[in-house]
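# When you get a sec, could you give me coordinates for this:
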Amino acid sequence: MLMASARREPEEHVDADEDRGFLLMVRRGEPEGATELFRKYSVAVFRYADRMLGNRSEAEEVAQEVFLKMIARVEQYDGRASVASWLFAIAANASRDGCAARPAFRGLARGRGRGGDGRPARGRGARRSGAP
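Just a heads-up that it's a prediction; the model follows:
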């Protein structure tokens with residue numbers, strides 16, 4: 001029996017030139033460019049936000065926000081990174097903003113301890129006061 005190759009082909013080939021072409025369409029005010037980028041990346045952006053936030057409804061909001069920000073900030077794209085990388089950077093920032101809005105995460109968003117009290121987060125296995 002022949003073993004399958006360990007190398008797997010990506011499900012969908014990401015064509016950087018095609019993505020830049022879609023973004024150029026967005027810059028020119030052509031809605032088809034935004035539609036194609038949304039079609040191509042919306043599911044992946046949603047999944048990324050869902051993993052970061054752990055909340056599907058918030059992840060849906062973040063995914064929508066990413067594409068609205070893409071349109072609003074299209075002039076800020078400088079071409080140094082791929083369009084996909086730029087979209088995921090927007091998603092990461094929007095997800096962090098979403099976490100910062102939640103009381104339980106405010107401290108983490110500011111780089112503080114778990115409770116947002118300014119104390120550093122405890123390392124694994126660290127003893128808490130009152131713990132045996």
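# And the average pLDDT for the biggest helix by length in the chain is what?
Criterion DSSP state H: the longest helix present in the chain is helix 31-53. Mean pLDDT, helix 31-53: 96.
# Output the contacting helices and strands for that helix.
With contacts taken as 3 or more Cβ pairs under 8 Å, 6 or more residues apart in numbering; DSSP states H and E, helix 31-53 sits against helix 16-27, helix 56-72, helix 83-101. For glycine as for every other residue, the C-beta is placed from the backbone atoms N, C-alpha and C.
# mind checking which of the ones you listed is nearest residue 38?
For the helices and strands packed on helix 31-53, proximity to residue 38 was assessed by Cβ to Cβ; helix 56-72 is nearest, at 5.3 Å.
# Measure how buried residue 78 is and give me the count.
Using other Cβ atoms under 10 Å, residue 78 has 7 other residues around it.
# now what about the longest helix of the chain, what contacts it?
By Cβ atoms under 8 Å, 6 or more residues apart in numbering, the residues outside helix 31-53 that reach it are 12, 19, 21-27, 56, 58-60, 62-63, 66-67, 70-71, 83-84, 87-88, 91-92, 94-96, 98-99.
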